[in-house]
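*Asks:* Need coordinates for the following:
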Amino acid sequence: MIPTSAAEAEPVGRRRGRPPDPHARSRILTAAETLLDEAGYLNVTIDEVATRAGVSKKTVYRFWPHKPALISDLIVERSAVLPVPDTGDTRRELATLFGMIIEYLTAGHGRTMALLVAATHDDPATLTRLREQVVAPRRDIARNVLQRGIARGDLPADVDVDALLDLWHGLVAYRISGRPAALHRHTVDQLVDLALTGHVPRLPQT
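*Replies:* I've put the predicted structure just below:
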């Protein structure tokens, strides 16, 4: 039926239904963060996230196409990147750096990151976002610590910074996935000694 008056016509630009909830995205991220802490990445579902956030699944999918994209944004937006202060002491700065890396990764983020990378191998956009906004800033902090050590003469001028960073992260990632109990204070000491002296890691003195 054609409207017979201006009052019966729907105003131009008016949308049917309820207006978008401006806080929905934040609530969804908070719900996902809580579930991730409680159950781990593999047990987080979009259904449960929507229920916890008090929104529909459709609302969740309006922001993210799938779970890996949601958790990736959660890690990007809610993981603080803290610089290592310039103390003038390379050994101390390296110990601080390694302690921060191990604390971050053993808090659950390490396993989540590994699972995310596996889940996003066919999603280049999400994988690139993780690399650029989670991995790269932390590597930059580590690179700055090493470059300060080189400038002080505590590290060789020709040290391959990127190769050294790969060695460190590879060791920590392996222990998280296969030997989590082996990540402790002695690991920090081993990594510092490896960086400063190049010595093969040795067993702790008893």
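
*Asks:* which residues sit in contact with the residue nearest the centre of the chain?
*Replies:* Compute the mean C-alpha point of the chain, and by CA atoms, centre = their mean the closest residue is Ile75, 4.3 Å away. By CB atoms under 8 Å, 6 or more residues apart in numbering, the residues touching Ile75 are His109, Thr112, Met113, Leu116, Leu130, Val134. For the C-beta atoms, the positions are set from N, CA and C on the backbone; glycine is no exception.

*Asks:* and the helix or strand encompassing it, C-alpha only, in PDB?
*Replies:* Using DSSP states H and E, Ile75 sits within helix 67-78. The C-alpha trace of helix 67-78 is given here as PDB (Å, rounded to 0.1, in the frame of the first residue of the first chain):
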ATOM      1  CA  LYS A  67      37.500 -16.700  16.400                       C
ATOM      2  CA  PRO A  68      41.200 -16.200  15.400                       C
ATOM      3  CA  ALA A  69      40.500 -12.700  14.300                       C
ATOM      4  CA  LEU A  70      38.700 -11.900  17.600                       C
ATOM      5  CA  ILE A  71      41.500 -13.300  19.800                       C
ATOM      6  CA  SER A  72      44.100 -11.600  17.600                       C
ATOM      7  CA  ASP A  73      42.500  -8.200  18.200                       C
ATOM      8  CA  LEU A  74      42.200  -9.000  21.900                       C
ATOM      9  CA  ILE A  75      46.000  -9.700  22.100                       C
ATOM     10  CA  VAL A  76      46.800  -6.600  20.000                       C
ATOM     11  CA  GLU A  77      44.700  -4.200  22.000                       C
ATOM     12  CA  ARG A  78      45.100  -5.500  25.500                       C
END
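
*Asks:* Buried residues, it. List them.
*Replies:* Buried residues in helix 67-78, defined by neighbour count with 16 or more other CB atoms under 10 Å: Lys67, Pro68, Ala69, Leu70, Ile71, Ser72, Asp73, Leu74, Ile75.

*Asks:* And for stretch 75-94?
*Replies:* In stretch 75-94, counting by 16+ other CB under 10 Å, buried: Ile75, Val84, Thr90, Glu93, Leu94.

*Asks:* And those residues, which two are furthest apart?
*Replies:* The span of the buried residues of stretch 75-94, defined through CB to CB, is set by Ile75 and Thr90 at 29.7 Å.

*Asks:* Mind listing residues that contact stretch 31-38?
*Replies:* Contacts of stretch 31-38 (CB under 8 Å, 6+ apart): 43-44, 48-50, 52-53, 70-71, 74, 78, 108, 112.

*Asks:* try stretch 123-134
*Replies:* Contacts of stretch 123-134 (CB under 8 Å, 6+ apart): 66, 68-69, 72-73, 75-76, 79, 113, 116-117, 120-121.

*Asks:* And those, which two are furthest apart?
*Replies:* In those, two members sit farther apart than any others by CB to CB. They are Ser79 and His121, at 21.3 Å.
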